[in-house]
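Student: take a look and give me a structure for this.
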Amino acid sequence: MKGWIVKKPLTIEREDISRGENNEENLTKVKITKCLLTISDVLTYNGTNEQTDFALGSYGTGIVSESSDSTLTPGTHVYVRPYIPCNECNNCQNGAYGSCSDMKVAGVDYDGFLRDFTNVKPSDVFQLPESVSDLKALFIDYISLAVSIVDKLHVEKGDYVSVVGANYFGIILSQILIYYQAVPILCTQHEDSFKMAKDSGIYYVLGDEDNWQKEVLSITGGRMTSHVVYMANSDIPIVKAFSLASYGAKVIYTGESNKNASFSFHQAVKKQLEIVCVNNGYDNTEAAINLLANDAVDISRLKINCVSDNDVKTVLDDMNKTLLEKDFVHETVVETI
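Tutor: Numbering: from 1, shown residues only. Below you'll find the model as predicted:
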């Protein structure tokens, strides 16, 4: 098997992958067809995550090549779960793998999907309905994470939810909130994200020129929002998220990267906010696939850049340049060879 391996910061090479996974029994071999590069991959590529000798690629879809599981016949289109629980913490020992205290993440803690083949446990392979394309399936984990956030917030019909950060995940989360009959108020500092969010059917979208606190106050009839979701990998100060919260509100801190941030809790303490971190949707993969199959999420308005496997080095350099200049980067799809 071959994959694109980070050798050192800003250096990536296509080479053989010979890992212990090949020696495990009863694995399913998947030919990777598409993978998604995210901000996490860029942070590993530029050395911020301080990880080397791993294949990049946060999420991947593919076709079953070989499997010991009779339900996974060769040629089946599948999505591969991008997490491996530690199997050692108390939660894992009690079967609560989605609450693993040391969850391993593809492309960060072990080889990602920027490769030709991968061998995984059959329980981590999910067959895709015909209505769910490989491209749509690359966003299954975003939807899974969104469902986890909805569960944590305990939102009810008509509840307002401030979503701070209109990256692709913020837009998808807002669509899921609408599906569950909540009312998202999506905030962004980027004009292209503003347009994509509006075109995606999100009614309340606040841009860089809006006074977010004043607008949210008006939308909610002076109550502000008791539910706030803040994107950790956005370039928006978290104090803006705190400013949109009502007294005692629940604030979800989430995101698709290991990007570090520092901020003051002064405003959060003053309002006695409840801050909850949500970092994966491990237990919601099947639910996410069903939501995609039922058209609960529309990714057609997202400006998704697609490149070939041969352009990986160039596109990573471009993504890294954008991240350095704007502190913000959109995902890129790679068609693997």
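Student: and residue 290, how close does it get to residue 143?
Tutor: As for residue 290, its distance to residue 143 is 10 Å (criterion: CB to CB, to the nearest Å). All C-beta atoms are positioned from the backbone trio N, CA, C, and that covers glycine.
Student: who has more neighbours out of the two?
Tutor: Applying other CB atoms under 10 Å to residue 290 and residue 143 shows that residue 143 carries more neighbours, namely 29 against 14.
Student: I figured that one hits residue 294, correct?
Tutor: No - in this structure residue 143 lies outside contact range of residue 294 using CB atoms under 8 Å: 11.2 Å.
Student: show me the shaky parts of this structure.
Tutor: Scanning the chain with the threshold set as pLDDT under 70 gives 18-23, 256-262, 337.
Student: mind listing the helices for it?
Tutor: Taking DSSP state H, the helices of the chain run over residues 39-45, 90-93, 134-137, 140-153, 168-179, 191-199, 212-219, 238-243, 266-270, 285-293, 312-326.
Student: if we compare the ones you listed, which one ends up closest to residue 301?
Tutor: helix 191-199 (4.2 Å; CB to CB).
Student: ok so, going back, for residue 278, which of the helices of the chain is the nearest?
Tutor: helix 140-153 (5.3 Å).
Student: hmm, back to that, most tightly packed of the helices of the chain?
Tutor: Counting by mean count of other CB atoms under 10 Å, helix 39-45 has the highest mean neighbour count of these, with a mean of 26.
Student: mind listing residues that contact that one?
Tutor: 6, 9-10, 12, 49, 51, 54, 56-58, 105, 107-108, 112, 114, 233, 256-259, 316, 319-320, 323, 329, 331 (CB atoms under 8 Å, 6 or more residues apart in numbering).
Student: kindly recompute the last result at 7 Å.
Tutor: 6, 10, 12, 49, 51, 56-58, 107-108, 233, 256-259, 316, 319-320, 323, 329 (CB atoms under 7 Å, 6 or more residues apart in numbering).
Student: okay, that helix in CSV with CA atoms only?
Tutor: Provided in CSV are the C-alpha atoms of helix 39-45 (Å, rounded to 0.1, in the frame of the first residue of the first chain):
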residue,chain,number,x,y,z
ILE,A,39,-7.5,22.1,8.6
SER,A,40,-6.2,19.2,10.7
ASP,A,41,-4.2,18.0,7.8
VAL,A,42,-2.8,21.4,7.1
LEU,A,43,-1.8,21.8,10.7
THR,A,44,0.0,18.4,10.5
TYR,A,45,1.6,19.3,7.2
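Student: what's the domain layout of the chain?
Tutor: 2-139+299-335, 144-278 (automatic domain parsing).
Student: reformat those as a markdown table; add distance to residue 284.
Tutor: Converted to a markdown table, those look like this (distance: least, CB to CB, whole Å):
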| stretch | distance to residue 284 |
| --- | --- |
| domain 2-139+299-335 | 8 |
| domain 144-278 | 4 |
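Student: so which of those domains comes closest to residue 286?
Tutor: Taking CB to CB, domain 2-139+299-335 is the member of the domains of the chain nearest to residue 286, at 6.8 Å.
Student: quick check: residue 48 vs residue 77, distance?
Tutor: Taking CB to CB, one finds residue 48 at 34 Å from residue 77.
Student: residue 304 now?
Tutor: For residue 304, the distance to residue 77 - CB to CB - is 19 Å.
Student: surely residue 280 meets residue 83?
Tutor: Yes - between residue 280 and residue 83 there is a contact under CB atoms under 7 Å: 6.0 Å.
Student: now do the shared contacts for the two.
Tutor: Common neighbours of residue 280 and residue 83 (CB under 7 Å, 6+ apart) are residue 103.
Student: sorry, back to before: would CSV of the helices of the chain with distance to residue 100 be doable?
Tutor: Output for these, formatted as CSV (distance: least, CB to CB, whole Å):
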stretch, distance to residue 100
helix 39-45, 18
helix 90-93, 5
helix 134-137, 23
helix 140-153, 13
helix 168-179, 21
helix 191-199, 32
helix 212-219, 35
helix 238-243, 25
helix 266-270, 27
helix 285-293, 15
helix 312-326, 28
